[in-house]
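S.K.: for reference, the sequence and a predicted model appear below.
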Amino acid sequence: MITLYINPACPFCQKTLEVAREVGAPLTVKNIHDEGVADELVRIGGKKQMPFMVDDEDEVSMYESEDIMAYLHQKYSQKT
């Protein structure tokens, strides 16, 4: 399962979310504005930066939209 921490107003987050949906990644989206999500993000990732992705299946986590999108394409595009 992929968890994607986003700020809905962030264009980089929206583009990353769009790619995740395009490739069919199993996705849980966490909005930074929801109660407790910002604290969770900092606890897990170390800083309040979005987008932030966690892939529990492969124990991978990362910031930077371009890196996340490349990862999602690599992992899921071949499965479609």
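M.R.: Perfect, thanks for sending it. Computed from a prediction, not measured in an experiment: that's the story for all the values here.
S.K.: going forward, measure contacts and count neighbours with C-alpha atoms only.
M.R.: Fine.
S.K.: would you mark the buried spots in stretch 55-73?
M.R.: Buried residues in stretch 55-73, counted by 16 or more other CA atoms under 10 Å: 55, 61, 62, 63, 65, 68, 69, 71, 72, 73.
S.K.: distance from that stretch to the middle of the chain?
M.R.: The chain centre lies 7 Å from the centre of stretch 55-73; the measure is CA atoms, centre = their mean, to the nearest Å.
S.K.: next, the distance between the ends of that stretch.
M.R.: 13 Å (CA to CA, to the nearest Å).
S.K.: of the buried residues of stretch 55-73, which belong to helices?
M.R.: 65, 68, 69, 71, 72, 73 (DSSP state H).
S.K.: now render those as CSV, adding distance to residue 45 and pLDDT.
M.R.: Shown next, in CSV, are those (distance: CA to CA, whole Å; pLDDT from 0 to 100):
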residue, distance to residue 45, pLDDT
65, 15, 97
68, 14, 98
69, 18, 98
71, 17, 97
72, 18, 97
73, 22, 96
